[in-house]
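>>> Dropping a prediction and its sequence here:
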Amino acid sequence: MASFKGKSGTCLDISASHPRWRIDLAGKICFHFRSMQYSKYSAAGGTPREPSPSVDPKRLRRRMVREQLEARGISDPAVLGAMFAVPRHLFVQEALRSQAYEDTPLPIGYGQTISQPYIVALMTQLLEVQRGMRVLEVGTGSGYQAAVLATIGCTVFTVERMRELYQITSGLLRQLGLRGIHMQRRDGTLGMPEAAPFDRIIVTAGGPEVPRPLVDQLDEGGIMLIPVGSKPRTQRLVRVRKEQGRVSSEDLGPVVFVDLVGDHGW
Ligand code: SAH
């Protein structure tokens with residue numbers, strides 16, 4: 001998906017601080033909503049599955065964090081903690097669930113993809129997010145990136161243009177009971193002016209330019225990450241900063257994202 005490399009770091013296991021995600025040894029997910037407990041949830045509209053003793057998502061995530069993230073230089077404890085806490089397998093289709101923790105992007109239907117874990121972690125780290133920040137995400141897709149940001153403690157405003165993905169993902173996010181995610185269906189290249197300004201903006205699809213409305217909606221001191229390229233599916237990851245009213249941008253390297261389609265996209 002992208003060609004970034006890095007050095008190794010250390011891992012912080014913060015599963016204990018995320019009581020909402022609890023995984024039993026049979027691989028079933030148990031969610032705790034306030035005092036109630038819902039178990040055997042199998043995501044994406046599926047029915048509860050038979051326990052499969054060979055699959056332990058928590059163990060797969062621990063390995064993913066160690067081998068795919070720390071080994072390549074992801075070192076922000078909040079990012080590593082969220083990547084360990086969020087059950088990525090619930091954000092992919094049932095048939096692909098066994099591949100959810102592999103080092104690869106996966107199709108989520110309708111020609112779209114969920115990025116590989118490393119890219120999600122890298123973008124989250126590059127975004128320099130902190131608890132309490134207001135983050136706009138353009139391209140909700142599976143909802144996984146939004147869940148990672150919300151688990152860190154950000155308030156996430158996320159927009160998706162495709163009706164089907166909007167319906168599936170908004171339903172999933174509701175079922176998961178994750179707080180702090182506001183999802184809407186619209187053209188994200190126009191941003192969300194009624195909720196602006198944002199401390200951070202993350203665009204998870206690539207277009208030919210940095211949309212002007214997104215620059216306008218970035219707060220002072222804000223950071224935006226966006227894949228930009230003159231050809232579809234061939235982009236450079238660009239980091240835009242707004243400091244004392246001045247806008248600067250840096251090229252962070254080659255990436256491959258699906259197309260950003262809209263008024264300021266393809
Ligand atoms: N962040 C996602 C990755 C989604 S792939 C995840 O974690 O799964 C990119 C998504 O951007 C696709 O779902 C696509 O439909 C959406 N998209 C493309 N152009 C868009 C636009 N102008 N506004 C909102 N969403 C857009």
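On my side now, so go ahead. Just so we're clear, the structure is a prediction, and the values are computed from it rather than from any experiment.
>>> What residues does the stretch 51-200 of the chain have near the ligand?
Within the stretch 51-200 of the chain, the positions adjacent to the ligand are 112-115, 138-139, 141-142, 144-145, 159-162, 165, 187-189 by C-beta under 6 Å from any ligand atom. Backbone N, C-alpha and C define where each C-beta goes, glycine included.
>>> Return the subset of these lying in helices.
Among these, the members found in helices (DSSP state H) are Tyr144, Gln145, Leu165.
>>> Would you mind confirming that the first one makes contact with Phe91?
Yes: under the criterion of C-beta atoms under 8 Å, Tyr144 makes contact with Phe91 at 4.1 Å.
>>> tell me, what's touching the two both at once?
Residues touching both Tyr144 and Phe91 by C-beta atoms under 8 Å, 6 or more residues apart in numbering: Ile114.
>>> With Ala100 as the reference, measure out to Gly130.
That one is not Gly; residue 130 is Gln. 27 Å (C-beta to C-beta, to the nearest Å).
>>> Between these two, point out the one with more neighbours.
Using other C-beta atoms under 10 Å, the more surrounded residue of Gln130 and Ala100 is Ala100, with 22 against 12.
>>> Apart from its neighbours in sequence, what residue is nearest the more buried one?
Nearest residue to Ala100 in three dimensions, chain neighbours excluded: His89, at 3.8 Å (C-beta to C-beta, 6 or more residues apart in numbering).
>>> Show me where the protein has its strands.
21-23, 29-33, 36-41, 106-109, 112-114, 134-138, 155-160, 181-185, 198-203, 218-231, 234-243, 246-255 (DSSP state E).
>>> Any chance of TSV for those, columns mean neighbour count and mean pLDDT?
Shown next, in TSV, are these (neighbours: other C-beta atoms under 10 Å; pLDDT from 0 to 100):
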stretch	mean neighbour count	mean pLDDT
strand 21-23	19	39
strand 29-33	16	33
strand 36-41	12	28
strand 106-109	17	97
strand 112-114	21	97
strand 134-138	25	99
strand 155-160	25	98
strand 181-185	17	98
strand 198-203	25	98
strand 218-231	19	96
strand 234-243	18	96
strand 246-255	13	97
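>>> I'd like those as TSV, with distance to Met123 appended.
Putting the strands of the chain into TSV (distance: least, C-beta to C-beta, whole Å) gives the following:
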stretch	distance to Met123
strand 21-23	21
strand 29-33	25
strand 36-41	27
strand 106-109	17
strand 112-114	13
strand 134-138	10
strand 155-160	14
strand 181-185	17
strand 198-203	6
strand 218-231	6
strand 234-243	8
strand 246-255	9
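>>> So which of the ones you listed is nearest Val65?
Smallest distance to Val65 across those (C-beta to C-beta): 13.9 Å, for strand 21-23.
>>> pretty sure Asp76 contacts Gln125?
Yes: in this structure Asp76 lies within contact range of Gln125 using C-beta under 8 Å: 4.8 Å.
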